[in-house]
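> Give me coordinates for this.
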Amino acid sequence: MLRSGTARALGWAAAMAAAWLLPATPALGGVGEVPTPTVAKLPITADSKPFGATTDPAKLADNGYVEEEYTIAGGAFKYDTVAGADGTKLTDGPNGDGSYPYKTRILVRRPASPADFNGRVLVEWFNVTAGFDLDTSWGSSHDSDLMREGYAWVGVSAQVVGIDFLTGWFRDPTRYADLMGVTGVDRADRDRASYDIFSQAAKAILGAGDGPDPMGNLDPTMLIASGASQSGGRLSRYYDSIQNLHEVIDSFLLTVSNGALRDDLDAKVMRLVSERETLGGPSSEVDNDSYRRWEIAGASHVPEETGRYWEPLNGRDLIEIVFDCKEQPLADIQFGEVRQAALAALVSWQSGGPAPAIAPRMTYDGTDEVVRDAYGIGAGGIRLPGVDVPVATNTPINEPAPGGTDPFSAGFCTLLGANLPFDDATLAGLYRDLGDYVERYAAAADVALAQGFITPEGAERLKDEATEYPRLRPTRPEVDRAQAKARGKSEDRNLGWFGSTAPDTTFELQHRAKRGGWSGVAGADALRSPAFSLAKERREGTYRYRVKSSTDVPLETYRALSGQVLSTDYSRASKKVKIDRSGPREPKLRLMGRRRADGSYVGRVKIRVVGRGDPKLRDGSKGSGVDVNSKPKTRVREKGDGRYTVRAWIVDNAGNRSKARVRRFEVR
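Below you'll find the predicted structure:
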C-alpha cells in the first residue's frame with residue numbers, strides 16, 4: 001500500500017503530465033516586429049570558455065546536453081516604458097532606422113537530440129547587480145530536473161553593465177573584445193535598448209535570426225522568460241510595456257522582485273518572492289487569471305542553493321568572494337524547490353491546464369511587520385519544512401559585520417539573510433532524536449507537496465536532506481524485530497538504529513551490564529554504518545546499549561556548521577539485550593514401565609524428559625530461559641525386546657542446546 005504522501009505525489013505528477021500534453025503554440029505573433037539579429041557561434045576551446053560556463057561539463061554530457069555560446073548583433077531600439085501600459089519606441093539612434101548598434105552574447109544549454117527536448121526554453125535575463133552576469137534559474141532550479149524533463153536554457157546578456165564587463169574580462173581579454181553595448185548616450189539611458197535586445201535574443205532562439213540557429217535541430221514551442229531581483233524588475237517592465245508589442249515570449253517566471261503587473265495579457269506570470277521582499281508590508285499585488293504571487297517564509301533574497309551554485313563559478317571566472325556579515329549567511333530554505341514547482345505549474349497553466357494554487361501571504365501585526373514566533377521565524381507564506389520543523393532560525397534579515405569595510409559585504413549582506421542554528425538545549429526540547437525530527441520533517445514536506453508548492457522529486461530531496469542532519473542524536477538501538485522473534489543464537493542478531501546519513505559520519509556504541517556503568521563496546525568506537533553484530537560482543541550477559549554519532553560536516557551539507565566535527569548526545573538506552581552463549585542444564589530422563597529386579601523392562605516403556613532450567617549468565621543476570629517449544633530428541637520403542645539408548649536435550653530461547661542426557665535400558 002502506498003503511504004498517503006506518495007499517493008498524493010503520484011496524483012500531482014499525473015495531473016501535470018496530462019496538462020503538458022496539451023498543444024502549445026510558439027510565441028511567433030510579433031516576431032516580425034522585432035528587428036532580426038545577426039547570429040554567430042563563439043567557439044569553445046580548452047583555452048577559451050564562456051564566462052559563466054558550467055563547472056560540471058560531465059553532468060551535461062551524461063544527460064545528453066551541450067553547452068554553446070553565440071553572439072547576436074544588430075540595431076536595437078530604445079523604449080520609453082511605463083507601468084501597466086505599452087511602451088513607446090524611440091528612433092533617436094544613429095542607424096538609418098533610428099536604432100542603436102549593439103553586439104552581445106547568449107549562453108545556451110540544450111538537449112543534443114530532439115527526442116530529449118520538451119519544447120520549452122527557459123530564457124534568463126542575466127542579473128548584473130554585482131557588475132557582471134549572474135544566472136539564477138539553472139543551478140537554483142535543480143539542473144538535474146531541468147535536464148531530466150528536457151528543458152533548454154539560454155542566458156542573455158541584455159544590459160550594458162554585463163556587456164561592458166565581458167569586453168574587459170581579465171580571465172580571457174580577447175573572447176569578448178568586440179562586444180558592444182548601446183553607445184552614444186549617457187549610461188543611465190543606454191539600458192532603454194535592453195528590452196529590444198532581449199526580444200531579439202528570443203527571436204534568434206525561435207530560429208528567426210540571421211545565421212546559425214542557437215537551438216540547433218530543436219523546435220521550441222514555448223519560451224519562458226526568467227529573471228531574478230533586478231532582472232525580475234526589468235522583466236516586469238518588459239511584461240507591461242514590451243510584451244504586447246513584440247509577443248515573442250509565452251510566459252514569465254519572476255523571482256525575488258516586486259511590482260504589480262497589468263492583467264489584460266494572455267502570457268501567464270508566476271512571481272516568487274523570498275521573505276526579504278515582504279518586509280516592507282503586505283503586497284498590493286493581486287492574484288488573477290494571468291498572475292500568481294508566491295511568498296516563501298524564511299527564505300533570503302539570495303537563496304542558499306544559489307550561493308552554492310555561484311561559488312565555484314565565481315572562484316573560476318572571477319576571484320573568491322567572501323562576505324563579512326554580522327550573522328552566518330544564507331537562509332537555508334530551499335527556494336529552488338518552490339521554483340521548480342512554479343515552473344511546472346506555469347507551463348501547465350500556459351498550455352491550458354489548471355491555474356496554480358493561490359498561496360497564503362505573509363502574516364503582519366498591523367504595523368507592516370511580519371509576525372514572528374519565539375524563534376524569530378516569520379508567520380504565513382509558503383511554509384517549507386525548514387520553517388515548520390526548524391533546527392535553526394532562517395531569516396531574511398542580516399547586515400554587514402560591525403566595522404567591516406568590504407564593499408561587497410556592505411552592499412549584499414542585507415540580501416543574504418541568515419541561518420542561526422539552535423543551541424543544543426533548544427534542539428533537545430523540540431525533538432526526541434533524529435528519527436522524530438525526520439518523521440515530522442517528512443510529514444511537513446508531504447503537506448507542501450499536497451498544496452502544490454513543491455514537486456514529488458523535491459519532496460523526496462527534502463526528506464533525504466533531513467536524514468543528514470548531524471546534530472540530533474540517533475534513535476535508540478534495537479534488535480531487528482524479525483530477528484528478535486526468531487529462535488536463533490545471539491550471534492545471528494544485529495543491533496540497528498537511525499542516525500545521520502551525512503558523509504563522514506561515524507557511530508560510537510556503548511553498553512552497560514547488570515553491574516557497572518557505561519563503557520565502550522570493543523570494536524564499535526568508529527562504526528561507519530548504523531548497525532552492530534551481536535556476534536562481536538565478547539562476553540555474555542544482559543546489556544543495554546546506547547549510541548552517538550560524530551560528523552565531519554562538509555560545506556555542501558550545512559553551511560552554518562561546515563568545517564566542524566559535531567558529536568551528538570548519546571541516544572536513549574535500548575531495551576535489555578541478552579547475550580547468551582550457554583545452553584540450559586542437561587535434562588533428566590525418567591523411564592516409566594514394568595521393571596524387573598535385574599533392571600530390564602517388560603513391555604511398553606515411556607520416557608519423560610525433565611528440564612533443569614537455564615543457568616545465570618556470567619554477569620549474574622538471568623539466562624534466556626528454556627524454550628518450551630524445544631523438542632527433546634528421543635528414541636522410544638513402545639514394546640519389543642532389545643537394548644536401547646536414549647539421548648535427549650533441550651534448547652533455550654537464545655537457541656543454545658544443552659548437553660545431551662543419555663540413558664540405556666533393555667526390554668525383554
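
> can we go C-alpha only for contacts and neighbour counts from here?
Will do.

> Got the phi and psi for the residue nearest to residue 652 when sequence neighbours are not counted?
Nearest residue to residue 652, sequence neighbours excluded (C-alpha to C-alpha, 6 or more residues apart in numbering): residue 626, at 4.1 Å. Main-chain torsions, residue 626, degrees, to the nearest 10: phi -70, psi 140.

> hang on, isn't residue 626 packed against residue 612?
No. Using C-alpha atoms under 8 Å as the test, residue 626 is too far from residue 612 to be in contact (9.1 Å).

> neighbour-wise, which of those two wins?
More neighbours surround residue 626 than the other of residue 626 and residue 612, with 24 against 13 (other C-alpha atoms under 10 Å).

> what residues do residue 626 and residue 612 have in common as contacts?
Counting by C-alpha atoms under 8 Å, 6 or more residues apart in numbering, the common neighbours of residue 626 and residue 612 are residue 584.

> returning to what we had before: what score does the residue nearest to residue 652 have for pLDDT?
pLDDT recorded at residue 626 is 91.

> what's near enough to touch it?
Counting by C-alpha under 8 Å, 6+ apart, residue 626 makes contact with 584, 613-614, 650-653.

> Also residue 76?
Each residue near residue 76 by C-alpha under 8 Å, 6+ apart is listed here: 35, 99-102, 193-194, 196-197.

> The same query, at a cut-off of 10 Å, please.
By C-alpha atoms under 10 Å, 6 or more residues apart in numbering, the contact set of residue 76 is 34-37, 91, 93, 95, 97-103, 181-182, 192-200.

> From those residues, list the buried ones, please.
The neighbour-count test (16 or more other C-alpha atoms under 10 Å) marks 34-37, 91, 93, 98-103, 181-182, 192-200 as buried among the contacts of residue 76.

> relative to its centroid, which residue of the protein is most remote?
residue 597 (86.0 Å; C-alpha atoms, centre = their mean).

> Can you give the domain ranges for this structure?
As assigned by automatic domain parsing, the chain contains the domains 1-24+297-467, 27-49+56-249, 478-579, 588-667.

> Compile those into CSV and extend it with columns for distance to residue 262.
Shown next, in CSV, are the domains of the chain (distance: least, C-alpha to C-alpha, whole Å):
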stretch, distance to residue 262
domain 1-24+297-467, 17
domain 27-49+56-249, 5
domain 478-579, 40
domain 588-667, 76
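
> Tell me the secondary structure at the residue farthest from the centre of the chain.
coil (DSSP: H, G, I helix; E, B strand; the rest coil).

> mind listing the helices for the stretch 401-550 of the chain?
Counting by DSSP state H, counting those that start in this stretch, the stretch 401-550 of the chain has helices at residues 407-416, 424-430, 434-451, 456-467, 481-485.

> just the stretch 251-400 of the chain next, same as before
304-317, 335-350, 385-388.

> So for stretch 102-119, mean pLDDT?
Mean predicted confidence for stretch 102-119 is 98.

> Figure out how far it is from the centre of its chain.
26 Å (C-alpha atoms, centre = their mean, to the nearest Å).
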